[in-house]
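Undergrad: predicted model, plus sequence, below.
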Amino acid sequence: CQMNTSDSEIVRSILCGAGHTPCSSVEEADVILTNTCAIRENAENKIWNRLAYFQSIRKKRQLANDVRAPVVGILGCMAERLR
């Protein structure tokens, strides 16, 4: 939705201002944020699956003793609803 697009741009600006840079692959990321929508049930199910994938990236890096295991977070209406 328009609100999520705007929020994503704001978050990106804040993170870039704090010295973070976008990367080309989620597997390389130090911070993974997903802006969510929970209006439709199917969208929420997709987000849960995506979060499981992000968790697998964290575990893979932790098992490899990679100190850069990513921080994973969710934003948006699903995050607000689950808070």
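TA: Thanks, I have the structure now. Not measured: the values here are computed from a predicted model. Numbers count the residues shown, from 1 in each chain.
Undergrad: now do the same end-to-end measure for stretch 67-82.
TA: Using CA to CA, to the nearest Å, the end-to-end distance of stretch 67-82 comes out at 29 Å.
Undergrad: give the buried residues for that stretch.
TA: For stretch 67-82, the neighbour count (16 or more other CB atoms under 10 Å) marks Ala69, Pro70, Val72, Ile74, Gly76, Cys77, Met78, Ala79 as buried. Placement of C-beta: from N, CA and C, glycine included.
Undergrad: next structured bit after the top helix by length along the chain?
TA: For the chain, the longest helix by residue count, based on DSSP state H, is helix 41-63. Remark: after helix 41-63, the chain's next helix or strand is strand 71-76, criterion DSSP states H and E.
Undergrad: for Val26, see how far away the residue nearest to the spatial centre of the chain is.
TA: Centre of the chain computed as the mean C-alpha position; nearest residue by CA atoms, centre = their mean is Leu33, 2.1 Å away. Look at Leu33 and Val26: by CB to CB, to the nearest Å, they are 11 Å apart.
Undergrad: over to Ile10?
TA: 20 Å.
Undergrad: settle it for me: which of those two has more neighbours?
TA: Between Ile10 and Val26, counted using other CB atoms under 10 Å, Val26 has the larger neighbour count: 14 against 10.
Undergrad: nothing else from me, thank you.
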